[in-house]
Each structure stands twice: as C-alpha cells, then as structure tokens.
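Engineer: Pasting the sequence and the predicted model now:
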Amino acid sequence: MSCANPLEMVSSLLDGRMAAGEQENALAHLKSCRLCNARFQSAHHLRQSLQDLNQPPIPDVLTGRLRVLASHERERRLRYATPSALFRHWAAGVWLCFDNMMRPRALPFAGGVISALLLVGVWFPAMASKQSVNDVPLSTWGYAGPSPLDVRTTGAAGDVMVELTIDERGRVVDYVVTSGKMTPELGGMILFSRFNPATLFGRPTSGKLIYRLSQISVIG
Amino acid sequence: MAASILDLSPERTAEVAEVEDLRLVQSLREGSEWAYERLLTRFQQPVYALAFRLLGDPSEAGDVVQEVFLKVFRNIGSFRGQSSLKTWVYRITVNEAHNARRWFFRHRRREVDLDMGPEETRDWKETIPDGSRSPFDVAFDREQHIMIEAALERISPIFREAVVLRDITDLSYDEIAEILGVTLGTVKSRILRGREALREELAGSLQGSRFLRLVPKTAE
C-alpha cells in the first residue's frame, strides 16, 4: 500500500471498515511510513478526545418539562383512543365550562334565593287577612231573614204572601199583604215576630222581606 | 433457556433490542405510563447531548429536545419499525437541530445574550474538585475539551453532524446513513472531510494562540 490516499486510509482504519487483508496491509504501511503513522496517531488521538468529551448533563428543568410533556401526550393519546373516551372528554369539557361559568354566580344566586325566601316568609303572614269565625263580610249586602225561634207560627189558615218592612233591630215596622187573606191573629203574629235584620257593610240596616205563610193551622 | 440468556453475540443483542423496541412502541401506542417513562429514561440524555453538540447552545438544545419528544409521542403511530427506534429518534433530532439552526440564523443571530457566561452558570457539582486527578490534568483536559468543542462549532454543520454521530455518539455508518438520509459513500465522505476540517481548525487555533499550550514543569 502506498500514500496515494492517506486520509481515506486512516479514516477507514480508524473505523474498522477495511477487509482483513487490506487492514494488514495498511498497518504494515503505517509501520514503514512515518507521515501516515503520524496522521493515524493524530486522528486516533482526536477521536479519543471526542469520545472523552463530557456528556452535557441534561438540566433538571428540562427533565421536568419532558415529564409534563409526556403526561400531556399520554392523556391526549388515551383521549382519542376510543369514541367513548372522546365523548367522556367532551362531556367533561362541557361540564367544566358550565362549572366555571356557574361557580362565580353560585354564592350571589344562593344569597338571592335565601333573601327572597326570608322576605316572603316575613311579609306573607302580615299581608294575609286575619279571618275569624264571627267576621261579617264588609263588601256585601246582607239580606233580612226569618229567625225561626222568634217566628210565631200560629194563627192563619191558607197561603198568605206578605211583604214585610224590617228595621235594623229586626222588628217589623210595616207589612203589605200581596196575596191571600190576612187575619187579625196573623197580623198580630207578624208584628210581634223578630227577624234577622239586613246588613250593609256589616252594619244592621232596614230592609224588606217577602214572606209566605202556608198551611198554617191555628190552634185553639 | 440459560444458554439463550447468556448468548451475548451482537446478532442476539440486536434481536433482543429490536423486540424490546417493538414492545416499547406498542406500549406507547396503547398509552402505557411505563412506556412513556421508559422512553424518556432511555433517550432524554443522548438526545440532549446530540442536540447540544449539533447546536452548541444549551437553551437551543433544550427547545429541540422538547420538539423531538413531542414529535416522537405524536408520530409513534406512524413508526413502522423499518429502522431501529434509536435511529428514528436520532433522525428526528438531527432534523429538528437543522431546523433550529436555520431559524437561529434567520431570527436570533443579532440578539445579544444577557445571561451569564458558561463559567458562571456551571452547576455546583461541576465545580467540586476531583480528588483523583491532579489540577494540571484537569486543567489540561478542560482546555482541550473547550478547544475541541469550539473547533467543532466552527466546522460546517453538514460535516459536524457526521463527526458527532460517528465519533461522539458512536453510531455505525449504516445508522448514520439512515439518520441523515444519505448513502454510505456520502457518510464516509462526510466523516472523512469532517475529521480533516476539525483537525485543521484545531491546528489553526493552536497556531493562533500558543499560550494555550500547557507544558508541565517540575517546580525548582
């Protein structure tokens, strides 16, 4: 072997890319040629120095970032693995959006509802009318009616229709016979009977009452 | 069984590595937490070292490493196993470093770094004295490494890639050809020319600054 292409020879020899016979020839040439030997030694030393270069240590920050990246990418891969996982992801996203939207309003909303309930609870009983059993309706008319205990049902015979004028104390102040035959006993019975007076806005007032007396048998 | 376990031939080792790669890739596709952890543990340091050697800047290397792992995680589904996982990851690293270098020259070339220098940003572990070696040896190696790294940064990126992959990362010619996407002949040529360029750069720097040569002398 000659010094025709020493760089290629040195590089191939250094990387062990020569056939066995060719390598022996090259090694023999190195022993005989000082220049090629010096080149080989220099290249060998340079390669050794390159291999001895310190491995640059990976920064801790970068290691942390890579782990975060791996975690995110793994979640991403699992998310798109199946349609159900994708649907769950979307549902979780929608729920998260809703949650984030409602969370700032939750306290004011709850406070508003509680305040409204308290106000209604305080004001509603005061607004409601206090009704009792003995109350008389104020805004309606009351009509005069008979008081069965006080009507003296003895006297006349046959049907008699009378129009009674009743004062505010329930006493008959006048009467007009509209049909039938009035007897003196029946007239006395009407005059001495007591009726429920009519009412106006809850107060007793005078009124008229059409009264029919039928099949009255007078005893004695 | 024991014989197969103790069989440490290169073919057997490569076969085992291939099976392990396929298992790791399958687990990554399934979203296994173990697989993500394993991939990071196995590749984060060498990928960072390779990116650092190709770019010569720790922050740029960190960004590139993140991009590399992002691409690995997202494109693991398209990995067909035609090359080894290591070759595939390294190919992505070289491409990303190439892109980062282009972007750097376009955008950040004129920027001035306000951070502290490399001496002041050294980790405290690096500043602890090594008791096993003499200060002269440590200083000599350190100066030598600084000079080699500086010379490495000055040579053409095309040659630098080949030299780093061969002499520092210790990959075979076939793997380098796969990573760079070139033929074996081109790989051989780039390694040869890269080594020669590096040697010339080192020779030039030594001639330019002779004071950097450290010569041991006995104290009188």
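Structural biologist: Arrived safely, thanks for sending.
Engineer: quick one: low-confidence ranges for chain B?
Structural biologist: For chain B, applying pLDDT under 70 flags the ranges B:1-10, B:107-133, B:207-220.
Engineer: list the helices and strands the helix ranked longest in chain B packs on?
Structural biologist: In chain B, with assignment by DSSP state H, the single longest helix is helix B:184-208. Under the contact criterion of 3 or more Cβ pairs under 8 Å, 6 or more residues apart in numbering or on different chains; DSSP states H and E, helix B:184-208 touches helix A:6-15, helix A:34-52, helix B:135-154, helix B:157-163, helix B:173-180. The C-beta positions use only the backbone N, C-alpha and C, and glycine is treated the same way.
Engineer: Skipping its backbone neighbours, what lies nearest the spatially most central residue of chain B in space?
Structural biologist: For chain B, the residue nearest the mean C-alpha position is residue B:50 (2.0 Å; Cα atoms, centre = their mean). Of all residues not flanking residue B:50 in the chain, residue B:93 sits nearest, at 5.3 Å (Cβ to Cβ, 6 or more residues apart in numbering or on different chains).
Engineer: Quick check: the gap between the one you found and residue B:66.
Structural biologist: From residue B:93 across to residue B:66, the span is 11 Å (Cβ to Cβ, to the nearest Å).
Engineer: Kindly report the residues of chain A close to chain B.
Structural biologist: A:7-8, A:11-12, A:15, A:17, A:42-43, A:46-47, A:49-59, A:61-63, A:65-67, A:69-71, A:73-74, A:77-78, A:81 (Cβ under 8 Å from any Cβ of the partner chain).
Engineer: Show the buried residues in those residues.
Structural biologist: Listed as buried from the residues of chain A next to chain B are A:11-12, A:15, A:43, A:46-47, A:49-50, A:53, A:56, A:58-59, A:62-63, A:65-66, A:69-70, A:73-74, A:77; burial here means 16 or more other Cβ atoms under 10 Å in any protein chain shown.
Engineer: domains in chain B, as residue ranges please.
Structural biologist: B:18-106, B:134-212 (automatic domain parsing).
Engineer: With distance to residue A:125 as extra columns, can I get these in TSV?
Structural biologist: Shown next, in TSV, are the domains of chain B (distance: least, Cβ to Cβ, whole Å):
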stretch	distance to residue A:125
domain B:18-106	63
domain B:134-212	87
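Engineer: Count the residues that sit near residue B:74.
Structural biologist: Using other Cβ atoms under 10 Å in any protein chain shown, the number of residues around residue B:74 comes to 12.
Engineer: What strand or helix carries it?
Structural biologist: Following DSSP states H and E, one finds residue B:74 within helix B:58-75.
Engineer: by contact count, what packs against that helix?
Structural biologist: helix A:60-79, helix B:33-55, helix B:85-103.
Engineer: Quick one: list the elements packing against the shortest one.
Structural biologist: Meaning helix B:85-103. helix B:10-30, helix B:33-55, helix B:58-75, helix B:157-163, helix B:173-180.
Engineer: quick one: buried residues of it?
Structural biologist: Those would be B:85-98, B:100-101, for helix B:85-103 by 16+ other Cβ under 10 Å.
Engineer: Please look at residue A:204 and residue A:169 and confirm they touch.
Structural biologist: Yes: using Cβ atoms under 8 Å, residue A:204 makes contact with residue A:169 at a distance of 7.2 Å.
Engineer: what sits in contact with each of these two?
Structural biologist: residue A:197 (Cβ atoms under 8 Å, 6 or more residues apart in numbering or on different chains).
Engineer: Can you pick out the residue with more neighbours from those two?
Structural biologist: Counted by other Cβ under 10 Å, residue A:204 and residue A:169 do not tie: residue A:204 has more neighbours, with 18 against 11.
Engineer: and the more buried one, which of the three is it?
Structural biologist: strand (DSSP: H, G, I helix; E, B strand; the rest coil).
Engineer: Show me what it is bridged to.
Structural biologist: With DSSP bridges applied, residue A:204 shows beta-bridge pairing to residue A:199.
Engineer: likewise the one 5 residues further on?
Structural biologist: Beta-bridge partners recorded for residue A:209 (DSSP bridges): residue A:164.
Engineer: Low-confidence bits of chain A, can you list those?
Structural biologist: Across chain A, the ranges flagged by pLDDT under 70 are A:1-2, A:128-158, A:215-220.
Engineer: Please parse it into its domains.
Structural biologist: With domains defined by automatic domain parsing, chain A comprises A:6-52, A:141-213.
Engineer: Which secondary structure element is home to residue A:177?
Structural biologist: Counting by DSSP H and E, residue A:177 is found in strand A:172-179.
Engineer: In that strand, which residues are buried?
Structural biologist: Quick answer for strand A:172-179 (16+ other Cβ under 10 Å): A:172, A:175.
Engineer: For the following helix or strand past that strand, name the packing helices and strands.
Structural biologist: Next helix or strand after strand A:172-179 toward the C-terminus (DSSP H and E): helix A:184-191. Contact partners of helix A:184-191 among helices and strands, from 3+ Cβ pairs under 8 Å, 6+ apart: strand A:160-166, strand A:172-179.
Engineer: try it again with 10 Å
Structural biologist: Where contact means 3 or more Cβ pairs under 10 Å, 6 or more residues apart in numbering or on different chains; DSSP states H and E, helix A:184-191 is packed against strand A:160-166, strand A:172-179, strand A:207-213.
Engineer: just checking, what packs against the strand or helix carrying residue A:31?
Structural biologist: In this assignment (DSSP H and E), residue A:31 forms part of helix A:20-32. Packed against helix A:20-32 by the contact rule (3+ Cβ pairs under 10 Å, 6+ apart) you find helix A:6-15, helix A:34-52.
Engineer: go with 6 Å
Structural biologist: If you count contacts as 3 or more Cβ pairs under 6 Å, 6 or more residues apart in numbering or on different chains; DSSP states H and E, helix A:20-32 packs onto helix A:34-52.
Engineer: Need the residues that contact the helix it packs on.
Structural biologist: With contacts defined as Cβ atoms under 6 Å, 6 or more residues apart in numbering or on different chains, helix A:34-52 is touched by A:3, A:6, A:10, A:14, A:30, B:148, B:167-168.
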